[in-house]
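Student: Mind looking at a prediction? Sequence and model below.
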Amino acid sequence: QVQLVESGGGLVQAGGSLRLSCAASGRTFNSYVMGWFRQAPGKERDFVAAIMWSDGSTYYADSVKGRFTISRDNAKDTVYLQMNSVKPEDTAVYYCAAVRGYYTRSPSGYDYWGQGTQVTVSS
């Protein structure tokens with residue numbers, strides 16, 4: 001069974017940086033797409049970024065392009081989200097997700113989810 005465990009959330013000042021980690025286990029992930037999503041209170045869960053585990057292709061939401069970077073460490077089965085130049089509007093619970101095969105920005109397209117990690121950006 002696939003397990004995803006996020007870590008690295010916390011409180012950061014606007015303009016600062018934070019790195020989230022997602023440790024994956026239970027499968028060989030070569031054929032998987034790994035995504036990061038976020039959900040602010042009272043809002044829908046939104047796509048942030050995704051990476052194809054096989055070739056490292058990356059995809060970003062326009063709101064984070066140029067500020068966030070998604071990457072993976074094959075040896076550790078871990079996906080990262082480096083968050084730079086954070087803004088108060090980046091405040092949300094961040095979730096790691098996985099799906100086998102195809103890239104999608106829709107949360108409903110992902111089969112596996114972590115428990116989430118809170119990111120709070122103060123102004």
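Tutor: Good, I have the coordinates.
Student: Report the contact partners of Y32.
Tutor: Residues in contact with Y32, defined by CB atoms under 8 Å, 6 or more residues apart in numbering, are W53, A98, V99, R100, G101. Every residue, glycine included, has its C-beta placed from N, CA and C.
Student: how far away is it from S85?
Tutor: For Y32, the distance to S85 (CB to CB, to the nearest Å) stands at 29 Å.
Student: Check A40 too.
Tutor: 18 Å.
Student: got the phi/psi numbers for P107?
Tutor: phi -60, psi -30 (degrees, to the nearest 10).
Student: do you know how far it is from F37?
Tutor: Separation of P107 from F37 (CB to CB): 6 Å.
Student: These two - which one has more neighbours?
Tutor: Counted by other CB atoms under 10 Å, P107 and F37 do not tie: F37 has more neighbours, with 25 against 16.
Student: What pairs with the strand or helix carrying the more buried one, parallel or antiparallel?
Tutor: Here F37 sits within strand 32-39, counting by DSSP states H and E. Strand pairing for strand 32-39, using DSSP bridges, gives strand 45-52 (antiparallel), strand 92-100 (antiparallel).
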